[in-house]
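Peer 1: any chance you could fold what I've pasted below:
(2 chains)
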Amino acid sequence: QSVLTQPPSVSGAPGQRVTISCTGTSSNIGAGYDVHWYQQLPGTSPKLLIYGDNNRPSGVPDRFSGSKSGTSASLAITGLQAEDEADYYCQSFDSSLSGSYVFGSGTKVTVL
Amino acid sequence: QVHLVQSGPEVKRPGASVRVTCKASGYIFTTNGINWVRQAPGQGLEWLGWISGYNGNTLYAENFQGRLTMTTDTSTNTAYMELRNLRSEDTAMYFCARVAGIAVGEIDYWGQGSLVTVSS
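Peer 2: Residues are numbered from 1 along each chain as shown, chains lettered A, B, ... in the order given. Below is the predicted model of the structure:
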């Protein structure tokens, strides 16, 4: 059972905009901890897509953007492309117990 | 260029232990932390723990307290993850992953993964 909740799947046609939500609680996202997003293509290791809520590492297209409000965060993909078909995970830090990294449950993006 | 190269696949019996190695290169090992994350077949990412590359301080996920040990060897820039008393549910791909800074933060580089299979 993941601490951060994501929709299992989202889909869109090429060129469309899709968003993925990541819902947490007052001990993680709501406490102000940064949210990061990772893309995992089939059979590969995850790749950092967004860090610090809304920052893109060098090389990540500006079609990807992140936002955060309250206890939730979102990843938006605009101009959806076939190569965006992958699993996406949000990640933050949780201050409960002795502290821990927490991942979202993951969202499969399908390009129709 | 940052690289994290992990050890090969392992097959273990229930109750056994496994040690996965992660050799880092391309950066100063002591300036970053290392996370260990696993992914069971067809499942999502699960965080196991974090170790400081600077002083070896650790933070373990509650679910693995008492079964998990993480260490580093700064002379060889290598991180180690040992999981004991293995169960079938521990079958997964285990990733080492570099934290962007010395403390907690985003993971900017991942190893290729080490498949651990637990089967009688």
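
Peer 1: please report phi then psi for residue A:96.
Peer 2: The phi/psi pair for residue A:96 (degrees, to the nearest 10) reads phi -70, psi 160.

Peer 1: neighbours of it, how many?
Peer 2: Neighbourhood size, residue A:96 [other Cβ atoms under 10 Å in any protein chain shown]: 14. (C-beta placed from N, C-alpha, C; glycine too.)

Peer 1: around chain A, pick out the residues from chain B.
Peer 2: Within reach of chain A by Cβ under 8 Å from any Cβ of the partner chain, chain B has these residues: B:35, B:37, B:44-47, B:50, B:59, B:61-62, B:95, B:97, B:100, B:104-108, B:110-113.

Peer 1: any idea which helix or strand in chain A has the lowest mean pLDDT?
Peer 2: Least confident helix or strand, chain A: strand A:100-103 with a mean of 93, by mean pLDDT, DSSP states H and E.

Peer 1: please name the nearest non-neighbouring residue to residue B:29.
Peer 2: In space, residue B:29 comes closest to residue B:77 once its chain neighbours are excluded; the distance is 4.2 Å by Cβ to Cβ, 6 or more residues apart in numbering or on different chains.

Peer 1: if any of the residues of chain B next to chain A are buried, put those into a PyMOL selection.
Peer 2: A single PyMOL command selects the buried members of these (16 or more other Cβ atoms under 10 Å in any protein chain shown):
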select buried, chain B and resi 35+37+44+45+46+47+50+59+61+95+97+100+104+105+106+107+108+110+111+113
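
Peer 1: out of the residues of chain B next to chain A, which sit inside strands?
Peer 2: Counted as lying in strands by DSSP state E, out of the residues of chain B next to chain A, are B:35, B:37, B:45, B:46, B:47, B:50, B:59, B:95, B:97, B:107, B:108, B:110.

Peer 1: can you name the residues bridging to the fourth one?
Peer 2: Think residue B:46. residue B:38 (DSSP bridges).

Peer 1: could you pull up the residues touching it?
Peer 2: A:103, B:37, B:38, B:39, B:40, B:61, B:92 (Cβ atoms under 8 Å, 6 or more residues apart in numbering or on different chains).

Peer 1: for the third one, same thing?
Peer 2: Remark: with contacts taken as Cβ under 8 Å, 6+ apart, residue B:45 is in contact with A:38, A:46, A:89, A:91, A:103, A:106, B:37, B:38, B:39.
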